[in-house]
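> With the sequence up front, the predicted model follows.
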Amino acid sequence: MQQDTNFSGYYWKRPLTLNELLAEAEELELGDDAVPTEIVIFPPENDDITDEDSGDEGNVDINNLPGGQLGDNAEFMDMAPPAEHNSVDESMVPYYGRHPTKQFIRGKPIRWGYKIWTGTNRLGYIEWFEPYQGSNTKLSDEYKPLEMGASIVLEFVDALKASQKDMNYHIFFDNLLTSLPLLSELKSRGVKGTRIIRENRLSKNCPIVTAGEIKKQPRGNFDYATTEENEIVVCKWHDNSIVNIASNYSMVFPTIQVKRFSKKDNKVILVPQPHIIKIYNENMGGVDRADQIISLYRTCIRGKK
C-alpha cells in the first residue's frame, strides 16, 4: 500500500501497512487548510506479496510470525518481581478466524483461540509463555522425548533458574500437565512441586483408599501415603468431589477448618482441609488472575480480507 496526497512533501515510496498508515496520518503537523482531503491506497505491485498470497497463512508454526510479535520471555523474566511461588497453566487468546493452531477447549471462558502455556507468579505477573503448536511446540531437544506436560513444566523451571539461581522455587500445576515422576525430577533439581493428579495417574500400588470408598465416608475425610524415601506425598480428600493431590514438599498436617454448605443439614458446616490443599488453593490461581487482568485491557482487532 502507498499513500499519495494532493500536497507536496508527503509521499511514502515504500509499501505501508494499515497501522503504519494510520500512525503517519496522526503524526502529520498540518494546518486546518492543509489537511489532505483523501488518502489513496494503491494495490500491491507485482513484486509485493500480500499475506493472503504468500502461503504462510496456513503455516502451523507460530514462530514464523514477523520478528518481535511474540515478544521475548527474557524481557518478561527481567521485569518480574522475584517470587517463590509460581504456577503453570494454559491460557487462551481469543481468535475466531482460520488457523491450524486454533483450539477449542470446552468449559473455558474463552473457548476458541490460541492456547498459550503460561507461567506466572502468585499475583498473576506473566514470567514465561510458549504457544501451543502440537508437535511443533518450541521445546528443548532434551525434553522432546518426554510427554508435553512434563516438558512445559521443566522449560518454565529452566527459565526461572536462569533468572534467579538461588531462589527456592515452588511450582504449582494442575492434572493436565504431569504424572508423578515429574515431582521426583523436580525434587532432584531442588525445586518444590505441588499438583492435582487424576485418579488414573495414581499407581495401582498406591496404598490409599479408592475414590469409591472415600465417597462413603463423611465429608472432609482424607487419606494419604508417602513414598518409601518420603520424597512424595499423595493425599485424597473428600470435598464436593474427590480431590487427589501430590507434592514433593508440602505436608498433610496441620489441617484447618473450612466452611462448606451441607444440603443434608441445610446449613454451613465446618470440614477439615489438609494443609497441602490449602497451599495449593492459595498459589495456583496466578494464570487465571493474569487472564482476568488481560481481559480488562484486551484490544480487539477485526481483520477483513
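Perfect, I can see it now.
> and after the longest helix along the chain, which helix or strand comes next?
The longest helix of the chain (DSSP state H) is helix 148-163. Following helix 148-163 in sequence order, the next helix or strand is strand 170-173 (DSSP states H and E).
> returning to that earlier point: just the CA trace of the longest helix of the chain, in PDB.
Extracted in PDB, the C-alpha atoms of helix 148-163 (Å, rounded to 0.1, in the frame of the first residue of the first chain):
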ATOM      1  CA  MET A 148       4.100 -32.500  26.700                       C
ATOM      2  CA  GLY A 149       3.100 -31.600  30.200                       C
ATOM      3  CA  ALA A 150       6.400 -32.500  31.800                       C
ATOM      4  CA  SER A 151       8.300 -30.700  29.100                       C
ATOM      5  CA  ILE A 152       6.300 -27.500  29.600                       C
ATOM      6  CA  VAL A 153       6.900 -27.500  33.400                       C
ATOM      7  CA  LEU A 154      10.700 -28.200  33.000                       C
ATOM      8  CA  GLU A 155      11.000 -25.400  30.400                       C
ATOM      9  CA  PHE A 156       9.400 -23.000  32.900                       C
ATOM     10  CA  VAL A 157      11.700 -24.200  35.700                       C
ATOM     11  CA  ASP A 158      14.800 -23.700  33.500                       C
ATOM     12  CA  ALA A 159      13.700 -20.100  32.700                       C
ATOM     13  CA  LEU A 160      13.200 -19.400  36.400                       C
ATOM     14  CA  LYS A 161      16.600 -20.900  37.300                       C
ATOM     15  CA  ALA A 162      18.300 -18.900  34.600                       C
ATOM     16  CA  SER A 163      16.800 -15.700  36.100                       C
END
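> chain center to that helix: distance?
Here helix 148-163 shows a centroid-to-chain-centroid distance of 13 Å under the convention CA atoms, centre = their mean, to the nearest Å.
> Next: stretch 287-305.
The answer for stretch 287-305 is 14 Å, by CA atoms, centre = their mean.
> Identify each buried residue in the longest helix of the chain, please.
Across helix 148-163, burial judged by 16 or more other CB atoms under 10 Å covers 148-157, 159-160, 163. Any C-beta I mention is one placed from the backbone N, CA and C, and that applies to glycine too.
> Dihedrals phi and psi, the closest residue to Pro254 other than its chain neighbours?
Spatial nearest neighbour of Pro254, excluding adjacent residues (CB to CB, 6 or more residues apart in numbering): His275 at 5.7 Å. The phi/psi pair for His275 (degrees, to the nearest 10) reads phi -60, psi -40.
> Against Arg111, how distant is His275?
Distance of His275 to Arg111, computed by CB to CB, to the nearest Å: 35 Å.
> more crowded one of those two?
Relative neighbour count places His275 above the other of His275 and Arg111, with 16 against 12, counting by other CB atoms under 10 Å.
> ok, now how distant is the more buried one from Met251?
As judged by CB to CB, His275 and Met251 stand 6 Å apart.
> likewise Thr227?
13 Å.
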